[in-house]
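A.B. asks: Would you be able to build a 3D model of this:
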Amino acid sequence: MPFGLTNAPTTFCMLMNKIFHPYLDKFVVVYLNDIVIYSDTLKEHVEHLRKVFKILRQNEL
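C.D. replies: Take a look at the predicted model:
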């Protein structure tokens, strides 16, 4: 997070909520400067991680 950016945590949360909208409250939660991914099984967790990393790459994050 850039230190010179005013309201950096708010800006981060808004961006993350926008790009992860389809997955919010299904297996992704964004809070301040954290992206939390939760799953029932290891196999499911790996799939969720792949989806999250794909979205981050597509948005050049």
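
A.B. asks: quick one: low-confidence ranges for the chain?
C.D. replies: Confidence mapping of the chain against pLDDT under 70 gives the ranges 1-5.

A.B. asks: in the longest helix along the chain, what's buried?
C.D. replies: In the chain, assigned by DSSP state H, the helix with the most residues is helix 42-58. In terms of neighbour count (16 or more other Cβ atoms under 10 Å), helix 42-58 has its buried residues at H48, V52, I55. (Glycine included, C-beta is placed from N, CA and C.)

A.B. asks: what's the spacing between the second one and K18?
C.D. replies: This points to V52. 14 Å (Cβ to Cβ, to the nearest Å).

A.B. asks: ditto for the first one
C.D. replies: Counting by Cβ to Cβ, the gap from H48 to K18 is 19 Å.

A.B. asks: How about R50?
C.D. replies: Taking Cβ to Cβ, one finds R50 at 20 Å from K18.

A.B. asks: contact partners of stretch 37-56?
C.D. replies: Identification of contacts with stretch 37-56 by Cβ atoms under 8 Å, 6 or more residues apart in numbering yields I19, F20, Y23, F27, V28, V29, I35.

A.B. asks: Thanks a lot, catch you later.
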